[in-house]
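Q: Here's a sequence, model it:
(one chain, ligands or ions: 1)
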Amino acid sequence: MIILQECTSCRCKVLFATDDFFAPAENLLKKQSPVFKADTFTDYGKWIDGWETRRKRIPGHDWCVIQLGIPGIIHGFEVNTSFFAENCAPRISIQAACLTQVNLSEFWPRGDRIGTAASDEEFKAIKKMKSDEWTLLVPMKELKPEHLDTSHNYFFVNSNQKWTHIRLNIFPDGGIARFKVYGIVQRDWSASGPNDLDDFVAMEKGGICVGFSSTQLGHPRNILGLGRATSMEDGWGTARRLDRPPVLKVDDKGIILMPGSEWAIFRLAHPCVITHIEIDTYHFKGNFPDTCKLEACILNTQEEKDCIMQKWNLKQDPKWKPLLSVTKLKPNKRHFFDGSTLQMQDVITHVRLIIVPDGGVSRMRLWGFPRTLFYASK
Ligand SMILES: NC(=O)NC(NC(N)=O)C(=O)[O-]
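A: Below is the predicted model:
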């Protein structure tokens, strides 16, 4: 989801595909990049890492229905055609729907992947879902297959509505390697009271990364992901800074003396006060940061844009106040900080994580309580 979050939560699932003959639609949702195996064949044909349907000999086109891991506003899609050349789907269109549990069970009785063994009732449900109740987000567009320079086809969406399901149409048949949905999670906060503890930076609650200084091993938004990181790639990892002095020196607290640092800025899911913090360096063993610190503030829309344009970089801006002071980190370890360590109890909307000199963090959790913001956003 954009600078926004990519819907890589393992909670996404394929509910239905018209055809999975050469390769199942579930491959579309795999987090790993597609791979090519030149000499591998199955009983059905050439092994391929994606979704691939038969060459159609009947009227119609192929399509599949994907349930999003978390409901949200969609800002764009990526259709990746890596390793699909002559068998690439020539065209696609993308539709969306917002289905509540009530209307979902009405026309999706089993609520799970419906294969060829679907009951009459389920086929009726599928037929109903083919109706105009789906909103067209991307009208029919041509795809660039692998051999045409790029395999990454991006489609932007201008919609402020919340969606729960996607219908991906391919015309008339063929294959696609991966499908990504970009956007921001929309959680209903109206039911949360001032004493309801939450992780306000979690991607699944609507926290997003809005700017960063560097990324090499993984995007900083990864640190907002579900559970513990699966690898270094599933965290935020920066390149080695080139301004490191030839011989490192430390101060009397053992903190290395460095001119530079790296940073990432996060918009919280809701205004809040933070009471507990976790910084996890899991998987970062020879490349964990020496120290980290956190700063926080309230930003309006324009101020956030300035951050994205990196106008502020690490300039001393009085808006940013310390939340967690400079703290030594350890490799491959969860670091917990409670209220006694935190330097601020103000209501905030944004947090900046600064690591010195470089390295990686795999997860960050910012626990606290929701608050109402009496602040006019521009
Ligand atoms: N080379 C192919 O494209 N073969 C077929 N596809 C697979 N996967 O075997 C096909 O006809 O679409």
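Q: ok, now which ones touch the closest residue to the ligand within the chain?
A: Nearest to the ligand, among the residues of the chain, is Gly45, at 2.6 Å (Cβ to the nearest ligand atom). The C-beta positions use only the backbone N, C-alpha and C, and glycine is treated the same way. Counting by Cβ atoms under 8 Å, 6 or more residues apart in numbering, Gly45 makes contact with Phe21, Phe22.
Q: mind checking how far it is from Glu52?
A: In this view, Gly45 and Glu52 are 8 Å apart by Cβ to Cβ, to the nearest Å.
Q: can you check Asn27 too?
A: 9 Å.
Q: the more surrounded of these two?
A: A count of neighbours by other Cβ atoms under 10 Å puts Glu52 above the other of Asn27 and Glu52, at 29 against 20.
Q: my guess is that one meets Phe21, correct?
A: Yes - here Glu52 reaches Phe21: they are 7.3 Å apart, a contact under Cβ atoms under 8 Å.
Q: Pull out the buried positions in stretch 51-60.
A: Trp51, Glu52, Thr53, Arg54 (16 or more other Cβ atoms under 10 Å).
Q: re earlier: what touches both of Gly45 and Glu52?
A: Contacts common to Gly45 and Glu52, judged by Cβ under 8 Å, 6+ apart, are Phe21, Phe22.
Q: Pull up the residues of this protein that are close to the ligand.
A: Within the chain, the residues that sit near the ligand (Cβ under 6 Å from any ligand atom) are Phe22, Gly45, Lys46, Ile48, Glu52, Arg55, Glu86, Asn87.
Q: The fourth one - how many residues pack around it?
A: The criterion is other Cβ under 10 Å. On that basis, Ile48 has 22 neighbouring residues.
Q: so who does it touch?
A: Counting by Cβ under 8 Å, 6+ apart, Ile48 has contacts Phe22, Ala23, Phe83, Phe84, Asn87, Gly175.
Q: for Leu257, what are its contacts?
A: Going by Cβ under 8 Å, 6+ apart, the list of residues near Leu257 reads Pro245, Leu248, Lys249, Val250, Asp251.
Q: hmm, try it at 10 Å
A: The contact partners of Leu257, by Cβ atoms under 10 Å, 6 or more residues apart in numbering, come to Pro245, Leu248, Lys249, Val250, Asp251, Asp290, Val356, Pro357.
Q: For PyMOL, write a command that selects the buried ones of those residues.
A: Buried members of the contacts of Leu257, defined by 16+ other Cβ under 10 Å, are picked up in PyMOL with:
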select buried, resi 290+356+357
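Q: Same list (the contacts of Leu257) but as TSV, adding secondary structure and pLDDT.
A: TSV is the format used below for the contacts of Leu257 (DSSP: H, G, I helix; E, B strand; the rest coil; pLDDT from 0 to 100):
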residue	secondary structure	pLDDT
Pro245	coil	87
Leu248	coil	89
Lys249	coil	90
Val250	strand	91
Asp251	coil	92
Asp290	coil	96
Val356	strand	95
Pro357	coil	94
